[in-house]
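Chemist: Got a predicted structure plus its sequence, pasted below:
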Protein chains: 2
Amino acid sequence: MPDRPDRPDRPDRPAILLDLDGTLTDSVYQHALAWRKALELGGIQLSVWRIHRRIGMSGGLLAESLARETGHELTDKEAAKMKQVHARLFAAQMGDVRLLPGAKELMRHLTKLKVPWAVATSGALASARPLLELIALPPSIPLITRDDVQHAKPDPDLWLAAAARLGVAPESAVAVGDSVWDLLAARRARALGVGLLTGGYGQEELERAGAYRVYEDPADLLLHIDELGIRAS
Amino acid sequence: MPDRPDRPDRPDRPAILLDLDGTLTDSVYQHALAWRKALELGGIQLSVWRIHRRIGMSGGLLAESLARETGHELTDKEAAKMKQVHARLFAAQMGDVRLLPGAKELMRHLTKLKVPWAVATSGALASARPLLELIALPPSIPLITRDDVQHAKPDPDLWLAAAARLGVAPESAVAVGDSVWDLLAARRARALGVGLLTGGYGQEELERAGAYRVYEDPADLLLHIDELGIRAS
């Protein structure tokens, strides 16, 4: 399907949709430990690796799916409480969260090349705010958060909303994330999924989840950006 | 080569050699974050995922190899200082470290079946002590630490020393760990390597590193212990 009615023979130039947590900021491990404690305080004992592998999902879905795995049924009130406790525990660790290598340079480069780009996160705006300060997102760049959509990743809504805000077809967009949930959501949005190792998944896991390419981090992606069909002209 | 000169037709019954951090205790993520900060305080900025993938190595090797990756050459004094800072930061998080599911039951079961078993850790005795209290290691069970060998994992020394203390040939032993370094050390010791997902590696990574089997955690291993040639009789 042509994306540009004015030039039906040529689809949109690629747009880049970026996940935030674990893709631009080095915050996945702090999230995992904050969730472990929040779940335990809510009566759910889980190993950190199991939680780690759910990071990137919406918080509500994460808490509910992990609770279900342990045979615990969460009420809405319990789930909301856990999300609150997690947000508080994560905020207490924000002082140790850093930008990932190349994150700033990648964002600057996309802007310089006039590549349409946006940020889409499974987090709510309130909890994402400290991370947004860290990445210093330019006000002109669309930001889609949990609050803007009905379902977070692995549903496709966040990527779809980001593409819509840029006015591009999702099929022309490259969705970049560090978790299998980003990639599953990318498949469902029919965007091209690209994985980063920064979330702590192995390359094989990201490839199996549908990553077209896997890079180490934003710096490595920037170094190979021509592989995504983005020309420096 | 026969392992028992008295019965040259029959090798030893399998012995089980267990890693500690990430295999019996859920402590890998706390280690990764403690190392991130210790490295940063020493002037080395690294993403957590890169550190995560080195956990299980000896601390000195980890600090040196990560420093080298960033083009930084560590003096012995700097490396020792970093190890100290890491130990202090990790100790501050011990209150959040839990036993892994099935760890106690696995240890009890091995003792009950009179399977020879031992614990071998890349950590020094001083830093492993709180974890040893957590697992309540029976005094009759051999414990090999960093202090007992010249080189920690991925060198084979720890597994070899553990087998020697049990009086079994390493070729008859099953070495269980959560990291690729445990498995590389197992190969070099000619023991059968078994992986656990508790360290946050994906199954494919552990298999590629030589794991004969990969289980989720000690509870899952215990459920399938017959697959390791250990009979309940």
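Modeler: Here it is on my side, so go on.

Chemist: Check the average confidence over stretch A:100-112, would you?
Modeler: The predicted model assigns stretch A:100-112 a mean pLDDT of 97.

Chemist: Tell me which stretches of chain A form helices.
Modeler: For chain A, the helices defined by DSSP state H occupy A:28-41, A:48-52, A:59-69, A:76-92, A:103-112, A:125-135, A:157-166, A:180-189, A:203-208, A:218-223.

Chemist: Dump these into a markdown table; add mean neighbour count and distance to B:Gly229 as well.
Modeler: In this view, the C-beta of every residue, glycine as well, is placed from N, C-alpha and C. As requested, the helices of chain A are arranged in a markdown table below (neighbours: other Cβ atoms under 10 Å in any protein chain shown; distance: least, Cβ to Cβ, whole Å):
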| stretch | mean neighbour count | distance to B:Gly229 |
| --- | --- | --- |
| helix A:28-41 | 22 | 34 |
| helix A:48-52 | 23 | 27 |
| helix A:59-69 | 19 | 30 |
| helix A:76-92 | 16 | 42 |
| helix A:103-112 | 17 | 49 |
| helix A:125-135 | 17 | 49 |
| helix A:157-166 | 23 | 48 |
| helix A:180-189 | 25 | 34 |
| helix A:203-208 | 19 | 28 |
| helix A:218-223 | 19 | 43 |
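
Chemist: can you put those helices in CSV and add distance to B:Glu64?
Modeler: As requested, these are exported to CSV (distance: least, Cβ to Cβ, whole Å):
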stretch, distance to B:Glu64
helix A:28-41, 22
helix A:48-52, 26
helix A:59-69, 37
helix A:76-92, 32
helix A:103-112, 27
helix A:125-135, 30
helix A:157-166, 41
helix A:180-189, 33
helix A:203-208, 25
helix A:218-223, 23
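
Chemist: lowest-confidence stretch among the ones you listed?
Modeler: helix A:59-69 (a mean of 84).

Chemist: Let me know the angle separating that one from helix A:180-189.
Modeler: 110 degrees (axes from the mean of the first three to the mean of the last three Cα atoms, to 10 degrees).

Chemist: What about A:Arg231, how many residues nearby?
Modeler: A:Arg231 has 10 neighbours, counted by other Cβ atoms under 10 Å in any protein chain shown.

Chemist: Need the pLDDT of it.
Modeler: Confidence score, pLDDT, at A:Arg231: 80.

Chemist: ok, back up a step: quick one: closest of the helices of chain A to B:Leu143.
Modeler: helix A:48-52 (24.1 Å; Cβ to Cβ).

Chemist: on contacts alone, who are the packing partners of that closest one?
Modeler: Applying 3 or more Cβ pairs under 8 Å, 6 or more residues apart in numbering or on different chains; DSSP states H and E, we find helix A:48-52 packed against helix A:28-41, helix A:59-69, helix B:28-41.

Chemist: can you redo these as CSV with distance to A:Gly123?
Modeler: Putting the helices and strands packed on helix A:48-52 into CSV (distance: least, Cβ to Cβ, whole Å) gives the following:
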stretch, distance to A:Gly123
helix A:28-41, 9
helix A:59-69, 7
helix B:28-41, 20
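
Chemist: of all the ones you listed, which lies closest to B:Leu132?
Modeler: Per Cβ to Cβ, nearest to B:Leu132 of the helices and strands packed on helix A:48-52: helix B:28-41, 15.5 Å.

Chemist: Residues touching that closest one, excluding its own?
Modeler: A:29-30, A:32-33, A:48-49, A:52, A:96, B:21-22, B:45-46, B:48, B:51-52, B:54-56, B:62-63, B:66-67, B:82-83, B:85-86, B:89-90, B:93-94, B:96-97, B:178-179, B:198-200 (Cβ atoms under 8 Å, 6 or more residues apart in numbering or on different chains).

Chemist: Compare the helices and strands packed on helix A:48-52 and give me the one nearest A:Met107.
Modeler: Across the helices and strands packed on helix A:48-52, closest to A:Met107 is helix A:28-41 (Cβ to Cβ), at 19.1 Å.

Chemist: what angle do the closest one and helix A:59-69 make?
Modeler: Using the same axes, to 10 degrees: helix A:28-41 against helix A:59-69 is 50 degrees.

Chemist: What would helix A:28-41 look like as CSV? C-alpha coordinates only.
Modeler: Extracted in CSV, the C-alpha atoms of helix A:28-41 (Å, rounded to 0.1, in the frame of the first residue of the first chain):
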residue,chain,number,x,y,z
VAL,A,28,16.3,-2.1,33.2
TYR,A,29,18.2,-3.6,36.1
GLN,A,30,17.0,-1.0,38.5
HIS,A,31,13.5,-1.6,37.3
ALA,A,32,13.9,-5.4,37.8
LEU,A,33,15.1,-5.0,41.4
ALA,A,34,12.4,-2.4,42.2
TRP,A,35,9.7,-4.7,40.9
ARG,A,36,11.1,-7.7,42.9
LYS,A,37,10.8,-5.7,46.1
ALA,A,38,7.3,-4.3,45.2
LEU,A,39,6.0,-7.8,44.4
GLU,A,40,7.5,-9.2,47.6
LEU,A,41,5.9,-6.4,49.6
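
Chemist: relative orientation of it and helix A:76-92 in degrees?
Modeler: 140 degrees.

Chemist: Off-centre distance for helix A:28-41?
Modeler: When C-alpha coordinates are averaged (Cα atoms, centre = their mean, to the nearest Å), helix A:28-41 and its chain have centres 18 Å apart.
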